[in-house]
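1. Curious how this folds, go ahead:
(one chain, ligands or ions: 2)
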Amino acid sequence: MSAIQLMVDEHKNIKRMLGVIRKYCFKVLKNEDVDYKDFYKIIDFVRNYADKHHHGKEEDYLFNRMIEEIKGPAEKLVRQGMLVEHDFGRLYMQNLEKALIAFEKGEEEAKLDIIANAIGYTDLLYRHIEKEDDVVYKFAERSLSKETLEQLDADCEKVEEEAKEKGIQDKYLNLINELESKI
Ligand SMILES: [Fe+2]
Ligand SMILES: [Fe+2]
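-> Ligands and ions are numbered 1, 2, ... in the order given. Next up, the predicted model:
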């Protein structure tokens, strides 16, 4: 499988979790029974699967090659678009974590910040993923040399193997299944 196809498939997994997040927030809104500890599992997924495992491959192997090889328009797209959005995603998770801690300390109003940051993250990521699937990845496939794309495939395959040894993919796919079964 090509690295780009692998990343498109990872987007599908991430979107499943975005669906879970929305459903959890709706339960919070309706004051239904919610296991708030699950939000920490969601943060773990976002930080270690969506960000470290997936964005890591984009940032370390795809985006920097696009900047080096395509330059101009690719640099603008990556630096002012994709990387900024990755950072906004990290901020939403920090704020979500703070809100969860405040809620656990008894601040009911923190529910607002839980919903706002979790939903803000999903909205950001849906749009981000759409842009990558429809524009950024296609641009890379069209514009990078065959050798560079082959090197990208090899680098990503190595990352996948190392992650597999640590059980990363299984752990987070199981978590999606677990949380989906609760909504
Ligand atoms: Fe991205
Ligand atoms: Fe992505």
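
2. what about F103, distance to I119?
-> Per Cβ to Cβ, to the nearest Å, F103 is found 16 Å from I119. To be clear about C-beta, it is placed using only N, CA and C from the backbone, and glycine gets the same treatment.

3. just the strands in the chain please.
-> Here the chain has no strands by DSSP state E.

4. Most remote residue from the middle of it, which is it?
-> The outermost residue of the chain relative to its centre, with distances by Cα atoms, centre = their mean, is G106 at 29.7 Å.

5. what's near enough to touch R16?
-> Contacts of R16 were listed using Cβ atoms under 8 Å, 6 or more residues apart in numbering, and they are I176, E180.

6. Check D113 too.
-> If you count contacts by Cβ under 8 Å, 6+ apart, D113 has them with N95, L96, K98, A99, A102.

7. The last one - nearest residue in space that isn't next to it in sequence?
-> To tie it back to what came earlier, the one meant is A102. Of all residues beyond its chain neighbours, the one nearest A102 is A110 (3.9 Å), with distances taken as Cβ to Cβ, 6 or more residues apart in numbering.

8. wait, doesn't that neighbour sit right on N95?
-> No - with contacts counted by Cβ atoms under 8 Å, A110 stays clear of N95, the gap being 10.5 Å.

9. Next, the buried residues of stretch 13-27.
-> Buried residues in stretch 13-27, counted by 16 or more other Cβ atoms under 10 Å: N13, I14, M17, L18, V20, I21, R22, Y24, C25.

10. longest helix in the chain, by residue count?
-> For the chain, the longest helix by residue count, based on DSSP state H, is helix 3-29.

11. Return the helix or strand in the protein with minimum mean pLDDT.
-> helix 72-76 (a mean of 94; mean pLDDT, DSSP states H and E).

12. For L100, list the residues it contacts.
-> Taking Cβ under 8 Å, 6+ apart, one finds Y36, F39, Y40, A110, I114 in contact with L100.

13. what separates it from F39, distance-wise?
-> L100 sits 5 Å away from F39, taking Cβ to Cβ as the criterion.

14. Give me the common contacts of those two.
-> Residues touching both L100 and F39 (Cβ under 8 Å, 6+ apart): I114.

15. Point to the residue nearest the middle of the chain.
-> Using Cα atoms, centre = their mean, the most central residue of the chain is A50, at 3.1 Å.
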